[in-house]
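In: Quick check, what structure comes out for this input:
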Amino acid sequence: MSTKDHWESVYASRTDTELSWTQPDPHLSLFLITEVCATGSVIDVGGGASLLPGKLLDCGYAVTVLDISEAAVNRGREKLGPRADTIRWIVADITASPDLGSFDVWHDRAVFHFLTSPADRAAYVTQLRRSVSVGRHAVIATFAPDGPEKCSGLDVQRYSGLTLSAELGVSFKLLKSVPETHLTPAGKPQSFQYSVFRRV
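Out: Numbers count the residues shown, from 1 in each chain. As a prediction, this is how the structure comes out:
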């Protein structure tokens, strides 16, 4: 099964409460984004079904959402109702070099840690460099070193702020890393880390 087919199947067959990564309030993502950029453009990578795009709209950002799953994007649009038309929605694989444009903030919660292939990670970083100009920022959340080794039946790569920084390379300066214990809808704790980078 392809990566896209996997995620289409996941979102077509499970409700939000059956998805371990569901957050009722993406408060840390929103805080870190507003901390580095009070206004401007934000892309939420993998945010198809997330509540974050709506929160970003509330704060006045220009919002783009990219997700590999059309089912996830459709779910996100349904949650926002008529407001969904104010968001740019892109169904694409982030490792396939989609034409995205540039953004003030790149946000990714729980996409990068699924990229277990070095080639996929390199393609992601190339896209990140292309989409975030010097002086702009990236907020990337992954499973922490003591986080799960698998998610949604797939292997993951776990990172500290420093090991994630090494993956992104010298074009991105690590400003800080913040731990978070995410409680899944079933009440299971998962260890995440959020890292904030500035493009240099």
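
In: Give the buried residues for whichever strand or helix holds residue 56.
Out: Using DSSP states H and E, residue 56 sits in helix 52-58. Across helix 52-58, burial judged by 16 or more other CB atoms under 10 Å covers 52-57. Where C-beta positions appear, they are placed from N, C-alpha and C, glycine not excepted.

In: Out of those residues, which is nearest to residue 73?
Out: residue 53 (10.3 Å; CB to CB).

In: any idea how far residue 198 is from the closest one?
Out: Residue 53 sits 23 Å away from residue 198, going by CB to CB, to the nearest Å.

In: tell me the secondary structure for residue 20?
Out: Three-state assignment for residue 20 (DSSP: H, G, I helix; E, B strand; the rest coil): coil.

In: pretty sure it contacts residue 150?
Out: No. Between residue 20 and residue 150 no contact is recorded; they are 10.5 Å apart, counting by CB atoms under 8 Å.

In: Summarise which helices and strands the longest helix anywhere in the chain is packed against.
Out: When the chain is parsed with DSSP state H, its longest helix is helix 118-131. In terms of contacts (3 or more CB pairs under 8 Å, 6 or more residues apart in numbering; DSSP states H and E), helix 118-131 is packed against helix 161-168.

In: who touches the helix it packs on?
Out: Outside of helix 161-168, the residues within contact range by CB atoms under 8 Å, 6 or more residues apart in numbering are 112, 121, 125, 128, 138, 140, 142, 145, 159, 172, 174, 176-177, 193, 195, 197.

In: Just the mean pLDDT for that helix, thanks.
Out: The average pLDDT within helix 161-168 is 98.

In: what angle do the next helix or strand after that helix and helix 161-168 make?
Out: Using DSSP H and E, the helix or strand that follows helix 161-168 in sequence is strand 172-183. The directions of strand 172-183 and helix 161-168 differ by 130 degrees, with axes from the mean of the first three to the mean of the last three CA atoms, to 10 degrees as the criterion.

In: Give me the buried positions along strand 172-183.
Out: 172, 175, 177, 180, 182.

In: CSV please, covering these and showing pLDDT.
Out: Below are the buried residues of strand 172-183 laid out as CSV (pLDDT from 0 to 100):
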residue, pLDDT
172, 98
175, 98
177, 98
180, 98
182, 97
